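Undergrad: output the structure for:
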Amino acid sequence: MVTIRPLSCHHRPSILCHHPARPDDPGDDPRKMKKNYYVYILASKRNGTLYIGITADLVKRVWEHRSKFVEGFTNKYAVDKLVYYEIFEDPENAIRREKRLKKYNRKWKIDLVEQKNPDWRDLYQELI
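TA: Predicted coordinates:
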């Protein structure tokens with residue numbers, strides 16, 4: 001099951017963090033922080049052009065797409081609305097999932113988005 005939830009930094013409220021709150025929070029020790037990986041889907045509009053990507057920093061990556069810092073497909077087709085994402089604890093599973101999603105047909109991808117985000121809300125605002 002995919003959980004779509006806002007990311008926030010519980011030990012530094014004034015900045016964005018890249019890990020969800022958890023009871024065993026290591027604080028500011030980067031050696032103990034668990035890194036998450038995200039597979040995400042951007043859309044130009046509801047049922048519009050789709051883009052599937054992977055990143056370790058979802059907030060930054062979507063901001064780059066939205067700010068047109070990413071050359072190529074997403075910039076050319078104005079694909080900048082975050083409509084779906086999944087969280088993984090290891091990069092291998094995230095990479096496998098991204099490759100699998102890219103192989104599915106368009107209808108399947110649209111159905112996936114609509115299962116978790118039927119209104120095609122831009123989830124980026126929930127992240128920040």
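
Undergrad: what segments of the protein are strands?
TA: For the chain, the strands defined by DSSP state E occupy 37-43, 50-55, 81-88.

Undergrad: and those as TSV, adding mean neighbour count?
TA: (Glycine included, C-beta is placed from N, CA and C.) Output for those, formatted as TSV (neighbours: other C-beta atoms under 10 Å):
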stretch	mean neighbour count
strand 37-43	24
strand 50-55	19
strand 81-88	22
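
Undergrad: which stretch among those strands comes nearest Lys116?
TA: With C-beta to C-beta as the measure, strand 81-88 is the member of these nearest Lys116 (6.1 Å).

Undergrad: mind saving the C-alpha coords of that closest one as PDB?
TA: This file holds the C-alpha atoms of strand 81-88, laid out as PDB (Å, rounded to 0.1, in the frame of the first residue of the first chain):
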ATOM      1  CA  LYS A  81       2.200  18.600 -11.200                       C
ATOM      2  CA  LEU A  82       3.000  15.900  -8.700                       C
ATOM      3  CA  VAL A  83       0.000  13.600  -8.800                       C
ATOM      4  CA  TYR A  84       1.500  10.400  -7.300                       C
ATOM      5  CA  TYR A  85       4.400   9.100  -5.400                       C
ATOM      6  CA  GLU A  86       5.600   6.000  -3.500                       C
ATOM      7  CA  ILE A  87       8.300   5.800  -0.700                       C
ATOM      8  CA  PHE A  88      11.000   3.200  -0.600                       C
END
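
Undergrad: angle of it against strand 50-55?
TA: Inter-element angle recorded for strand 81-88 and strand 50-55: 40 degrees (by axes from the mean of the first three to the mean of the last three C-alpha atoms, to 10 degrees).

Undergrad: double-check Arg66 against Asp80; I have them as touching.
TA: Yes: between Arg66 and Asp80 there is a contact under C-beta atoms under 8 Å: 4.6 Å.

Undergrad: looking at these two, which one has more neighbours?
TA: Neighbours were counted for Arg66 and for Asp80 using other C-beta atoms under 10 Å; Asp80 has more, 21 against 16.

Undergrad: much appreciated, bye for now.
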